[in-house]
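>>> here is my input; please provide its structure:
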Amino acid sequence: MKYVAIFLTFFIILVPIVDAVPLVEIFVDENTPSNKNIPEVIVSSVENGDLELLVWYLDPNSSLHITAATERAEDLNAQNGDLFIQGIYWNNSNENLPNDIDGLDIELNVKQGNDSGIILEAKTTLENELDQTVVLQWLLLKRSVSISEHPIGPTESNVVSYHAWDSNINRTKGAENQWTHQIEPNTLESWNIGNEELIAIVSLISLESKEIQGSGSSEIILYQSQESDNNHATSFLLIFSGIIGSILVIQSERKRQKNMPLIRPLIIKKNNDIDYDYFIEITTRQALVKEITIDGNGYWKCSSNEIPKEISPRTSKKIKIRQISKEGKNEPCTIRLEVDGYERWVLDIVFPET
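So this is what the prediction gives:
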């Protein structure tokens, strides 16, 4: 009789590195999943790539619960449904996100080890000295996981499913830190991580204030394959080809969203509380904006001196415009601009009624 050896192997398909964004943590259980607790302003920011969502499951009897969820909730004094941005409580009745939520960027790279484990490599240069209570945290999030045994039951996103600490940090200002964290295949199995998409996250957390002072993330597709010694290479290539195209399209769209500026109309009362000043506010993200023109369409006028030649990344600029026709109070003005690396934008701006 001829025997064919069957091996269980982990494969990793990596999504290109995503720039660090602030982390928003929510604490839930199976009766109140995150989609019932997260307000629209958070959902929109997560979808646009402005925030990275972490979901902690508090119920110890849940298959999605890990001990670190209870520990993090105790650290933050968090209750079911509570939201925290960079470790700071955020009242979900607020309509606006805080303006100062940026943290230190940590570059995160993911590799596959020779034994089919996961190797996480992170590095950063400290802009300021860190307190001695700051430590490094490694997380793996499940991109999508079922919260019901029903085959078409509800799912949960970005569930924290693996956790580890590292206190080996050079905390002096200007220090270049590099860290490596290896997760063996049997460790992944013990944490109930198998055939699924993951998000790897590394963050710097103060054990005193519990606040997050920096972070980085990278997406992973981890899947298991049973293969024989005759056909495993062919199977892997076919699966890889089918998945990588979708990954590149998704990643390209996420990068585009991160580069597009935020443009909005502003109305500010003058001192007499009767008249108003009108502005167009442009807030750039990761791409430079240039070649800006504003057409008032006969109802608005903007001095060329008000329009900058270009706006640097991560900058906010208010451009003042003047209303020249009361009849066209609600008529739009048209702004045209070029985002570095992309085609020219044309956008109609309508001011709300005062």
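>>> walk me through the domains of this protein.
7-259, 262-349 (automatic domain parsing).
>>> stretch 123-132: end-to-end distance?
Using Cα to Cα, to the nearest Å, one end of stretch 123-132 lies 18 Å from the other.
>>> equivalent analysis for stretch 170-181, please.
17 Å.
>>> swap in stretch 306-325?
Span of stretch 306-325 from end to end, Cα to Cα: 20 Å.
>>> check what contacts it and list those residues.
Here stretch 306-325 makes contact (Cβ atoms under 8 Å, 6 or more residues apart in numbering) with 261, 266, 277-294, 296, 298-303, 329, 331, 333. The way it works is simple: take the backbone N, C-alpha and C, and place the C-beta from them, glycine included.
>>> equivalent analysis for stretch 99-106, please.
Here stretch 99-106 has contacts from 19-20, 22, 85-86, 122-124, 126-127, 202-204, 212-216, using Cβ under 8 Å, 6+ apart.
>>> averaged pLDDT, it. What do you get?
Mean pLDDT, stretch 99-106: 82.
>>> ok, of the contacts of stretch 306-325, which come out buried?
261, 278-280, 282, 284-289, 292, 294, 296, 299-300, 302, 331, 333 (16 or more other Cβ atoms under 10 Å).
>>> thought residue 75 was touching residue 210?
Yes. Taking contacts as Cβ atoms under 8 Å, residue 75 lies within contact range of residue 210: 4.7 Å.
>>> neighbour count winner among these two?
More crowded of residue 75 and residue 210, by other Cβ atoms under 10 Å: residue 210, with 17 against 13.
>>> in contact with the more buried one, which residues?
In this structure, residue 210 makes contact with 75-76, 87, judged by Cβ under 8 Å, 6+ apart.
>>> and what of residue 174?
Here residue 174 is in contact with 125-126 (criterion: Cβ under 8 Å, 6+ apart).
>>> mind checking the SS state of it?
Secondary structure, DSSP: H, G, I helix; E, B strand; the rest coil: residue 174 is coil.
>>> ok, now residue 69?
Per three-state DSSP, residue 69 ends up helix.
>>> and the pLDDT at it?
As predicted, residue 69 sits at a pLDDT of 96.
>>> next up, the contacts around it.
So residue 69 contacts 27, 56-58, 160 (Cβ under 8 Å, 6+ apart).
>>> okay, now the nearest residue to residue 37 once chain neighbours are set aside: neighbour count?
Nearest residue to residue 37 in three dimensions, chain neighbours excluded: residue 81, at 4.5 Å (Cβ to Cβ, 6 or more residues apart in numbering). Applying other Cβ under 10 Å, we find 16 other residues in the vicinity of residue 81.
>>> pretty sure residue 81 contacts residue 29?
No. The criterion here is Cβ under 8 Å, and residue 81 misses it with residue 29 at 9.2 Å.
>>> roughly how far apart are residue 65 and residue 256?
As judged by Cβ to Cβ, to the nearest Å, residue 65 and residue 256 stand 36 Å apart.
>>> more neighbours: which of the two?
Taking neighbours as other Cβ under 10 Å, residue 65 and residue 256 compare with residue 65 leading, 19 against 14.
>>> could you find the closest non-adjacent residue to that one?
Closest to residue 65 by Cβ to Cβ, 6+ apart is residue 57, at 4.6 Å.
>>> for that neighbour, give me its contacts.
28-30, 64-66, 69, 156, 159-160.
>>> name the SS class of the residue nearest to residue 48 when sequence neighbours are not counted, please.
Computed as Cβ to Cβ, 6+ apart, the closest residue to residue 48 that is not its neighbour in sequence is residue 257, at 5.3 Å. Following three-state DSSP, the label given to residue 257 is helix.
>>> wait, isn't residue 257 in contact with residue 45?
No. Taking Cβ under 8 Å as the definition, residue 257 is not a contact partner of residue 45, at 10.9 Å.
>>> so which residue is smack in the middle of this protein?
residue 52 (3.2 Å; Cα atoms, centre = their mean).
>>> residue 110 and residue 145, how far apart?
20 Å.
>>> how about residue 121?
For residue 121 relative to residue 145 (Cβ to Cβ), the value is 26 Å.
>>> what about those two, which has more around it?
The neighbour comparison of residue 121 against residue 145 (other Cβ under 10 Å) goes to residue 145, with 19 against 16.
>>> can you pull the pLDDT of that one?
86.
>>> ok, so what distance separates residue 101 from residue 90?
Residue 101 is 9 Å from residue 90, by Cβ to Cβ.
>>> what's the spacing between stretch 122-129 and its chain's center?
What separates the centre of stretch 122-129 from the centre of its chain is 20 Å, taken as Cα atoms, centre = their mean, to the nearest Å.
>>> now do that stretch, average pLDDT.
The average pLDDT for stretch 122-129 rounds to 93.
>>> now swap in stretch 186-202 and tell me
Rounded mean pLDDT across stretch 186-202 is 90.
>>> now the helices for this structure?
40-47, 67-76, 185-190, 232-259 (DSSP state H).
>>> just the contacts of stretch 306-325: which are in strands?
Cross-referencing these against strands under DSSP state E gives 266, 277-283, 289-294, 300-301, 333.
>>> give me the buried subset of the contacts of stretch 99-106.
For those, a burial check counting by 16+ other Cβ under 10 Å picks out 20, 22, 85-86, 122, 124, 126, 202-204, 212-216.
>>> and of the residues you listed, the nearest to residue 347?
residue 22 (26.4 Å; Cβ to Cβ).
>>> which one of residue 257 and residue 45 has more residues nearby?
Using other Cβ under 10 Å as the criterion, residue 257 and residue 45 rank with residue 45 on top: 20 against 13.
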